[in-house]
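J.: Okay, sequence plus prediction incoming.
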Amino acid sequence: MTESVAASSSQTAPLHVVVLAAGQGKRMHSRLPKVLQPVGGQAMLQHVLALAEQLHPKAIHVVYGHQGETVQQAFKDWPGTPLVWALQEQQQGTGDAVNSAMPKVPDNARVLVLYGDAPLMHLADLQALRQSPDALTILSSQVDNPFGYGRIVRDEQNTVRAIVEEKDASEEQRRITEINTGVLSADAKALRRWLSQITNDNAQGEYLLTDVVGLAVAEKASLSAIIAPDADSCLGANDRQQLAALEQQFQQRCRQQLMRQGVRFADPNSVHIRGQVCVDQDVFIDINVVLEGDIELGNDVQIGPGCVIRDSSLAAGTVVHPHSILEQTRTTGACQIGPFARLRPGSELSAGCKVGNFVEMKKSRLGLGSKVSHLSYIGDSVVGSHVNIGAGTITCNYDGVNKHKTTIEDGAFIGSNTALVAPVTVGENGLVGAGSIITQDVPENQLAVARSRQRNISRRKRSS
């Protein structure tokens, strides 16, 4: 086969991604499998699978082992390419792990090997591996301190000749600063052949994937190494310190991306992102803010210090004042939230709304210009436009068995310290006197007062 034909075959072959996720991670000192340890609020393996999806593979093979059922359960609802699970019964090295997946990989495939504990790889590097015309292409990187890593050994023509692990390296080889990341791509038929030939005759007593390089050289197969520009992106995590380093790198990457999109941070390093954040222009985020899940922030949104926002969409001009917590909350126009507000799942605010300090909402909608300024609880409620709800108001939505709905129609005014016992409706422009306990519907344009008559009783003089 000519070189041009080989290149064409390699680049058009169906892609099969093999993700190694069988490691126990003893140094994590955790009951959670290593690949399920979180970075940026998501399991490391989830980051790797999401990256693999962007390559549009024919199949993704996940090699599992330690606590395999837990790992499989975590991804039972994976929405992307169906996962092909391959069991590595005994942890005998990376070569053995890849070999566990090969029975379900066709000979005409291109194989890309990734690691479940290396969540920050760059898509461009993987695309370069995918498009390589060579029978075997490895991903390397240049580091200042190569201790502990396999070294890339090149000859006088700068051609890759071998990968030598730290324990097997000579003093001269240990001075090499180009290291193996472990990531590689190869033609499936050749890779299968090489894996069948590797042995565990090394200092680790394991079947090492890196040994396929020497076998490829011996066969005079086409071989190349692509140097990753960002060495840190290739790092994995074997202990808590390395996991924390990955977290810092992930956060820095996310914050830089948001600033490129127009976000202004009071202190970027104090903001933590644990999900996907989509922003428009001129968003301002103050210190000590946590953004979790799927977040959308419109133009000119402002988030005050100490806020936690989860799975929420905030329309342009929305201001979240300090120390507020929003979860599954949606605003459809500019409004004011907080300080010290808690909006629970299902809260929706229209333009001009105000939810003030120490207000809690759950599964409720506020219409245009409505206000719940302070110290109130609004649950399972539909509130119309231009409604004012006074301090200390609660909707009594739970009877101990079922939740019930409260409806407050346009223009209503609810006096302070009112209890609305659901199911109940306050009609349009209805008025509820302060301190009332409302158990029946209030018709439109009517005043409801439901409180006991005041009695003033003389106090006896205290005896000395």
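T.: Looks like it arrived, so ask away. Numbers count the residues shown, from 1 in each chain.

J.: CA only for contacts and neighbour counts going forward, please
T.: Fine.

J.: show me the contacts for C234.
T.: A118, L120, M121, T181 (CA atoms under 8 Å, 6 or more residues apart in numbering).

J.: among the residues you listed, which two are most distant?
T.: L120 and T181 (12.4 Å; CA to CA).

J.: what's the overlap in contacts for the two?
T.: Contacts common to L120 and T181, judged by CA under 8 Å, 6+ apart, are C234, L235.

J.: Stretch 272-290: which residues count as buried?
T.: 272-275, 277, 279-290 (16 or more other CA atoms under 10 Å).

J.: what's the distance between the nearest residue in space to Q142 that is not next to it in sequence and D211?
T.: In this structure, Q142 finds its nearest non-sequential neighbour in E178, 4.5 Å apart by CA to CA, 6 or more residues apart in numbering. Using CA to CA, to the nearest Å, E178 is found at 17 Å from D211.

J.: what's the answer for H272, then?
T.: Taking CA to CA, one finds H272 at 41 Å from D211.

J.: quick one on the thing from earlier: next, check the contacts of C234 against the strands and list the overlap.
T.: Among the contacts of C234, the residues falling in strands (DSSP state E) are T181.

J.: nearest to R255, of the contacts of C234?
T.: Distances from R255 to these, taken by CA to CA, are shortest for L120, at 14.5 Å.

J.: Tell me the spacing between that closest one and A21.
T.: 15 Å.

J.: The two: who's more crowded?
T.: A21 (28 against 21; other CA atoms under 10 Å).

J.: That one bridge partners, please.
T.: Y64 (DSSP bridges).

J.: Counting neighbours, what do you get for L195?
T.: 21.

J.: For it, give its distance to V111.
T.: On the measure of CA to CA, L195 and V111 end up 13 Å apart.

J.: what do you get for S196?
T.: S196 is 16 Å from V111, by CA to CA.

J.: and what of A315?
T.: Counting by CA to CA - A315 and V111 are separated by 44 Å.

J.: quick one: which of those two has more around it?
T.: V111 (31 against 23).

J.: Contacts only, for that one.
T.: Contacts of V111 by CA under 8 Å, 6+ apart are L15, H16, V17, V18, S185, A186, D187, A188.

J.: Sort out which of the residues you listed are in strands and list them.
T.: Short answer: the contacts of V111 in strands (DSSP E) are L15, H16, V17, V18, S185, A186, D187.

J.: Can you give me the neighbour number for the third one?
T.: Number of residues near V17 (other CA under 10 Å) recorded here: 28.

J.: repeat for H321
T.: What H321 shows, counting by other CA under 10 Å, is a neighbour count of 22.

J.: I'd guessed it sits against R342; true?
T.: No. Counting by CA atoms under 8 Å, H321 does not reach R342; the two are 11.2 Å apart.

J.: how far away is the closest residue in space to Q11 that isn't next to it in sequence from G317?
T.: Computed as CA to CA, 6+ apart, the closest residue to Q11 that is not its neighbour in sequence is Q131, at 5.2 Å. Counting by CA to CA, the separation of Q131 from G317 is 45 Å.

J.: pLDDT averaged over stretch 146-165 - what is it?
T.: Mean pLDDT, stretch 146-165: 90.

J.: contact partners of it?
T.: Here stretch 146-165 has contacts from 140, 166, 169, 173-180, 210-211, 213-214, 217, 223-225, using CA under 8 Å, 6+ apart.

J.: Give the buried residues for it.
T.: For stretch 146-165, using 16+ other CA under 10 Å, the buried residues are P146, Y149, G150, R151, I152, V153, V160, R161, A162, I163, V164, E165.

J.: And that stretch, how far out from the chain middle?
T.: Its chain's average C-alpha position is 35 Å from that of stretch 146-165, according to CA atoms, centre = their mean, to the nearest Å.

J.: hmm, back to that, who's more crowded, Q131 and G317?
T.: Using other CA under 10 Å as the criterion, Q131 and G317 rank with G317 on top: 22 against 17.

J.: What pLDDT is listed against the more buried one?
T.: The model's pLDDT for G317 equals 98.

J.: which residues sit in contact with it?
T.: G317 neighbours (CA under 8 Å, 6+ apart): G298, N299, D300, V301, Q302, G333, A334, C335.

J.: would you turn these into TSV with pLDDT and distance to E360?
T.: Formatted as TSV, the contacts of G317 follow (pLDDT from 0 to 100; distance: CA to CA, whole Å):
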residue	pLDDT	distance to E360
G298	98	23
N299	98	25
D300	98	24
V301	98	21
Q302	98	20
G333	98	20
A334	98	19
C335	98	16
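
J.: Any of these buried? List them.
T.: With burial judged by 16+ other CA under 10 Å, the buried subset of the contacts of G317 is G298, N299, D300, V301, Q302, G333, A334, C335.

J.: you'd agree the first one is up against F284?
T.: What it means is G298. No. G298 lies out of contact with F284 (CA under 8 Å); the separation is 10.6 Å.

J.: Excluding chain neighbours, what is closest to the most centrally placed residue in the chain?
T.: In the chain, the centroid-proximal residue (CA atoms, centre = their mean) is G275; its distance is 3.5 Å. Leaving aside its sequence neighbours, G275 sits nearest to G293 (CA to CA, 6+ apart; 4.2 Å).

J.: What lies in contact with the host helix or strand of L243?
T.: For L243, the host element (DSSP states H and E) is helix 240-260. Contacts with helix 240-260, where a contact means CA under 8 Å, 6+ apart, come from 27-28, 39-40, 120, 235-237, 265, 268-269, 272-273, 279.

J.: and what of stretch 366-378?
T.: 348-362, 364, 382-395.

J.: Can you give me the domain boundaries for this structure?
T.: 3-234, 257-448 (automatic domain parsing).

J.: Confidence-wise, which of these is weakest overall?
T.: domain 3-234 (a mean of 93).

J.: The stretch 101-250 of the chain: strands as residue ranges?
T.: Assigned by DSSP state E, counting those that start in this stretch, the strands in the stretch 101-250 of the chain fall at 110-115, 136-142, 151-154, 160-164, 178-187, 223-227.

J.: Which neighbours in the sheet does the fourth one have, and how are they oriented?
T.: Just to be clear, that refers to strand 160-164. strand 151-154 (antiparallel).

J.: what do you get for the second one?
T.: Next to strand 136-142 in the sheet, as set by DSSP bridges, lie strand 178-187 (antiparallel), strand 223-227 (parallel).

J.: Ok, which of these comes nearest V442?
T.: Going by CA to CA, the one of the strands paired with strand 136-142 nearest V442 is strand 178-187, 68.8 Å.

J.: next one: the closest one to chain centre, how far?
T.: The answer for strand 178-187 is 26 Å, by CA atoms, centre = their mean.

J.: Equivalent analysis for stretch 91-101, please.
T.: 28 Å.

J.: just stretch 66-73 next, same as before
T.: Worked out by CA atoms, centre = their mean, stretch 66-73 lies 20 Å from the chain centre.

J.: Equivalent analysis for stretch 262-279, please.
T.: That offset, for stretch 262-279, works out to 14 Å (CA atoms, centre = their mean).

J.: So what touches that stretch?
T.: 39-42, 251-252, 254-255, 258-259, 261, 280-299.
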